[in-house]
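Chemist: curious how this folds, go ahead:
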Amino acid sequence: PLNETFRFADVALPPQHDCPHITKASDGTYLLYNTGQSMQCETTCTGEPKPNRSDSTTVPPAAGKPCKGTGFFGLNLATSKSLSGPWKLQDNIPIEGYGQPVASQSNVNPSPLVLENGTVIVAYTDAANGEQIALAKADDPTVGPYSKLGPPNVPIFEHHCEDPFIYKVPGFLLSNQSSG
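Modeler: So this is what the prediction gives:
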């Protein structure tokens, strides 16, 4: 019921994973898409955030020491047969046909849609090209490969937008936050 209070149950992912979006694959596997980077630090914030990247993203310190991470955010996927875990995390999923190696890709804020045939379509923010929306698909979301839909380095919208959300109602709808 809607009048129940949500309670903390468990930590599914390590620090510095955000924009989570969970869905189920056709085989029942939970797919927890997220953006971020695996960090080596405490899970509890113990003080002032420390700058981690030139874009002013911050991470909590671990016992007075800055966290260590990969240095860039990517499109990540955690999978589990149960919401209680354990979760298997795949950081920085490469997208084929993107036009750049995975280390140069900056794909964030994923929004997946699993189709009836098991294929997954993921709308995401292509932050490497000025925050524009792009689409990728995988016939099997747990193993990939993920392939960019459309030409390399070409977004589906020509203006600045981010934070997509894709869903099906009859047909498909894609909403986003736009500033252009």
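Chemist: K137 belongs to a strand?
Modeler: Yes - following the definition DSSP: H, G, I helix; E, B strand; the rest coil, K137 is counted among the residues of a strand.
Chemist: name the helix or strand for the residue nearest the centre of the chain, please.
Modeler: Note on the chain: the residue nearest the mean C-alpha position is N34, at 2.8 Å, using CA atoms, centre = their mean. With elements taken from DSSP states H and E, the one containing N34 is strand 30-36.
Chemist: I'd like to know which elements that strand is packed against.
Modeler: Taking 3 or more CB pairs under 8 Å, 6 or more residues apart in numbering; DSSP states H and E as contact, the helices and strands that strand 30-36 lies on are strand 17-24, strand 74-80, strand 107-114. Yep, even glycine has a C-beta here, placed from its N, CA and C like the rest.
Chemist: as TSV, these with mean pLDDT would be great.
Modeler: Formatted as TSV, the entries for the helices and strands packed on strand 30-36 read as follows, by pLDDT from 0 to 100:
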stretch	mean pLDDT
strand 17-24	88
strand 74-80	89
strand 107-114	89
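Chemist: okay if I get those strands as CSV plus distance to Q132?
Modeler: Below are the helices and strands packed on strand 30-36 laid out as CSV (distance: least, CB to CB, whole Å):
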stretch, distance to Q132
strand 17-24, 16
strand 74-80, 15
strand 107-114, 11
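Chemist: what would those strands look like in CSV with mean neighbour count and distance to T125?
Modeler: CSV is the format used below for these (neighbours: other CB atoms under 10 Å; distance: least, CB to CB, whole Å):
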stretch, mean neighbour count, distance to T125
strand 17-24, 16, 9
strand 74-80, 22, 10
strand 107-114, 22, 4
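Chemist: of those, which is nearest D139?
Modeler: Nearest to D139 among the helices and strands packed on strand 30-36 is strand 107-114; the distance by CB to CB comes to 11.3 Å.
Chemist: restrict the closest one to CA atoms and write it as PDB.
Modeler: The C-alpha coordinates for strand 107-114 follow below in PDB (Å, rounded to 0.1, in the frame of the first residue of the first chain):
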ATOM      1  CA  ASN A 107      27.800   7.800 -21.500                       C
ATOM      2  CA  VAL A 108      25.700   8.600 -18.400                       C
ATOM      3  CA  ASN A 109      22.100   8.600 -17.000                       C
ATOM      4  CA  PRO A 110      20.900   5.400 -18.500                       C
ATOM      5  CA  SER A 111      17.200   4.600 -19.000                       C
ATOM      6  CA  PRO A 112      16.600   1.000 -20.300                       C
ATOM      7  CA  LEU A 113      13.500  -0.500 -21.900                       C
ATOM      8  CA  VAL A 114      13.300  -4.300 -22.200                       C
END
